[in-house]
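Colleague: Sequence and predicted model, in that order:
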Amino acid sequence: MSALVAELPALQVAVPLLTAPIVMLLRDRRLAWAAATAASFTAFAIAILLFDAIGTQGEMSYPMGAWPAPYGIELHVDAFSVMLLLIVTGASSTALLVAGASLDTEVPGERQHLLYSAWLLAMAGLNGIVVSGDAFNIFVFMEVSSLATYILVAGGPKRQALTAVFKYLVMGTIGATFYLIGVGLVYMMTGTLNLADMEQRIREVTDLKPILVAGGFITVGLALKAAVFPLHAWLPNTYTFAPHAVTVFIAACSTKVALYVLLRFDFFVFQGNLVDHEAQFSGFLLPLAILAVLVASSVALFERDLKRMLAYSSIAQIGYVLLGASLVSVTGLTASVVHMFNHALAKGGLFIAVACLAMRFSSLSLDSLAGAGRRMPLTMAGFVLAGASLVGVPGTAGFISKWYLVLAALERGLWGIGLVALVVAGSLMALAYLWRVVEVAYFTAPTVLEARAEAPWWMLATLWLPGLAGVYYGLNPDMPIELARLSAELLLRHLQ
């Protein structure tokens, strides 16, 4: 292993973390944007290098300060980690390309350098959560990312952003507190915070009641962070009133990192060590996944604001991720992990289209978007392409993950047919609420006829990037499927 490759897990966090104070000192908004974008793309390149390294080595560990685990703090990277690192750094880099123009219409120039600094801290925190092999350091990075994200959301141009961020702060604090209480209980019974060591020591614990209580606290706390139905109250307003580029970033990756930690704990620490925990995990999450798909999709059908519609759509998509995980099978977890990747592409593309529309339309209510297909044809075509992946149209990445969900459900026998019906119904509901946007944009005449006025060309190029990637990975899904399959096998090896 080369010296540089060995340092990659630490650099994944260090690059954005060390660049953040530099960005804050750059008072010029263009310089701040350039530095933040360069740091984000560097982190994305590091994630790609880690993907290549994992392909040859399987897993990587990095002992901080050369102290070996469990005595020291360990960074750990495997296939599941790499999938999330690609999502986080890719979403950040793409969203920053949009932010260069989008934030100019929403945030005063003299405050933008502060927002970019918080952006890098949020990304560093999310990366830190993903690579950390220590339960307490996950909490530390969770707080770093959360506090920075609160600043990003509060930067929205409307006063409602402050109300939204206050609710987000309260719910996020409760979630983090629940998680920390659970970790404290596990530490009390095992005497370790290293996840791998924790898994081994739980087997030696005779009184498992505190561990069961810890499992409940950790699951509920992370469910709050991930906006799992019905703990999703903070998400719609957060996505709606945050600056558009910020919404692109957090919608593509924030909740997925919380789901990552939830799956890590349940499958690495609790599954295989607690009696009937597999049944408890499925019995708790499967009904919530079903309700998320049905209820959130139903609400999205009646939303008149485009961003709120897509926010409720995200809650439904979280339901699909939980649905695959709750089946506790290789196929189900493969579907779950690959849907994180595919949903990041689709929802990132949709919110980039929203940012493009906001450049030319003063309101994002459906009534205001009449004729958008004629005024901004390239933007709306990109919206439709990303929407096709969200629905799961064959030939797009969204179809691949839903196909794996169907296969995982059919493995369960007759009752799995009901889950197949749920996947189909959810896809049809997604088609219905996205069609409302298409109908207004293409088939409703505007009250005032205006000339064609597209968003800046680099925003259009950024919009089409995830859209075309969704088509590419729909036709050539080998890379995300292989990473997802390795992740599934990694999570399930503790049950074998």
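Modeller: Great, that's in hand. Numbering: from 1, shown residues only.
Colleague: okay, CA-based contacts and neighbour counts for the rest of this
Modeller: OK.
Colleague: For G395, which residues are in contact?
Modeller: V471, G474, L475 (Cα atoms under 8 Å, 6 or more residues apart in numbering).
Colleague: Can you lay out those residues as a markdown table showing pLDDT?
Modeller: Formatted as a markdown table, the contacts of G395 follow (pLDDT from 0 to 100):
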| residue | pLDDT |
| --- | --- |
| V471 | 92 |
| G474 | 91 |
| L475 | 92 |
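Colleague: Just the buried ones from these?
Modeller: Neighbour-count burial within these applies to V471, G474; the criterion is 16 or more other Cα atoms under 10 Å.
Colleague: and which of the contacts of G395 is nearest M189?
Modeller: Nearest to M189 among those: G474, at 46.1 Å, using Cα to Cα.
Colleague: so where does that closest one fall, helix or strand?
Modeller: helix 457-475 (DSSP states H and E).
Colleague: Does anything pack onto that helix? Which helices or strands?
Modeller: helix 79-102, helix 330-358, helix 377-391, helix 397-410 (3 or more Cα pairs under 8 Å, 6 or more residues apart in numbering; DSSP states H and E).
Colleague: Report all helices and strands that the first one contacts.
Modeller: Using 3+ Cα pairs under 8 Å, 6+ apart as the contact criterion, the neighbours of helix 79-102 among helices and strands are helix 29-57, helix 109-131, helix 244-264, helix 330-358, helix 457-475, helix 478-492.
Colleague: go on, the longest one?
Modeller: Secondary-structure packing of helix 330-358 (3+ Cα pairs under 8 Å, 6+ apart): helix 79-102, helix 244-264, helix 306-326, helix 377-391, helix 397-410, helix 457-475, helix 478-492.
Colleague: Same list, the helices and strands packed on helix 79-102, but as TSV with distance to M376 please.
Modeller: Output for these, formatted as TSV (distance: least, Cα to Cα, whole Å):
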stretch	distance to M376
helix 29-57	26
helix 109-131	27
helix 244-264	18
helix 330-358	8
helix 457-475	10
helix 478-492	32
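Colleague: Highest mean neighbour count out of these?
Modeller: Compared across the helices and strands packed on helix 79-102, helix 330-358 shows the largest average neighbour count, a mean of 27 (mean count of other Cα atoms under 10 Å).
Colleague: Low-confidence stretches in the stretch 201-350 of the chain?
Modeller: Low-confidence segments of the stretch 201-350 of the chain (pLDDT under 70): 271-277.
Colleague: quick revisit: of all the helices and strands packed on helix 457-475, which lies closest to P466?
Modeller: P466 lies closest to helix 330-358 among those, at 5.2 Å (Cα to Cα).
Colleague: Now do that closest one against helix 244-264: the angle between them, please.
Modeller: Going by axes from the mean of the first three to the mean of the last three Cα atoms, to 10 degrees, helix 330-358 is angled at 170 degrees with respect to helix 244-264.
Colleague: which ones are touching L84?
Modeller: L84 neighbours (Cα under 8 Å, 6+ apart): V130, C253, K256, V257, Y260, F341.
Colleague: Give me the buried positions along the helix or strand harbouring I417.
Modeller: In the assignment (DSSP H and E), I417 maps to helix 415-443. Across helix 415-443, burial judged by 16+ other Cα under 10 Å covers 416, 419-420, 422-424, 426-427, 429-434, 436-438, 440-442.
Colleague: one step back: how far off helix 377-391 does the helix holding G474 point, in degrees?
Modeller: Going by the same axes, to 10 degrees, helix 457-475 makes 30 degrees with helix 377-391.
Colleague: and the angle for helix 457-475 with helix 478-492?
Modeller: 70 degrees.
Colleague: on that earlier part again, now the helices and strands packed on helix 457-475 as TSV including distance to A14?
Modeller: Output for the helices and strands packed on helix 457-475, formatted as TSV (distance: least, Cα to Cα, whole Å):
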stretch	distance to A14
helix 79-102	13
helix 330-358	24
helix 377-391	33
helix 397-410	32
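Colleague: quick one: S61 is in a strand?
Modeller: Yes - going by DSSP: H, G, I helix; E, B strand; the rest coil, the assignment for S61 places it inside a strand.
Colleague: ok, now which ones touch it?
Modeller: Taking Cα under 8 Å, 6+ apart as the test, what S61 contacts is P9, E74, L75, H76, V77.
Colleague: and stretch 48-66, how far from the chain's centre?
Modeller: 22 Å (Cα atoms, centre = their mean, to the nearest Å).
Colleague: Then stretch 485-496?
Modeller: On the basis of Cα atoms, centre = their mean, stretch 485-496 sits 21 Å off its chain's mean C-alpha point.
Colleague: Contacts for that stretch next, please.
Modeller: Under the criterion Cα under 8 Å, 6+ apart, residues 78-80, 263-264, 267-268, 271-272, 328-331, 333-334, 337 lie in contact with stretch 485-496.
Colleague: follow-up on the earlier one: now do the helix holding G474 and helix 397-410, the angle between them.
Modeller: 30 degrees.
Colleague: And helix 457-475, how far out from the chain middle?
Modeller: Relative to the centre of its chain, helix 457-475 is centred 18 Å away, using Cα atoms, centre = their mean.
Colleague: okay, the one helix or strand M142 maps to in CSV with CA atoms only?
Modeller: Here M142 is covered by helix 135-154, with elements defined by DSSP H and E. Only the C-alpha atoms of helix 135-154 are listed here, as CSV (Å, rounded to 0.1, in the frame of the first residue of the first chain):
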residue,chain,number,x,y,z
ALA,A,135,-19.3,5.3,18.0
PHE,A,136,-18.6,8.5,20.0
ASN,A,137,-16.7,10.1,17.1
ILE,A,138,-19.7,9.4,14.9
PHE,A,139,-21.6,11.6,17.4
VAL,A,140,-18.9,14.3,17.2
PHE,A,141,-19.0,14.4,13.4
MET,A,142,-22.8,14.2,13.5
GLU,A,143,-22.8,17.4,15.5
VAL,A,144,-20.3,19.1,13.2
SER,A,145,-22.4,18.4,10.2
SER,A,146,-25.7,19.3,11.9
LEU,A,147,-24.6,22.6,13.2
ALA,A,148,-23.1,23.6,9.9
THR,A,149,-26.3,22.5,8.1
TYR,A,150,-28.4,24.6,10.4
ILE,A,151,-26.4,27.6,9.2
LEU,A,152,-26.8,26.6,5.6
VAL,A,153,-30.6,26.3,5.9
ALA,A,154,-30.9,29.5,7.9
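Colleague: Report the buried residues of that helix.
Modeller: Buried, per 16+ other Cα under 10 Å, within helix 135-154: 135-154.
Colleague: likewise stretch 179-188?
Modeller: Those would be Y179, L180, I181, G182, V183, G184, L185, V186, Y187, for stretch 179-188 by 16+ other Cα under 10 Å.
Colleague: wouldn't I174 be in contact with L222 here?
Modeller: No - using Cα atoms under 8 Å, I174 is not in contact with L222, being 9.8 Å away.
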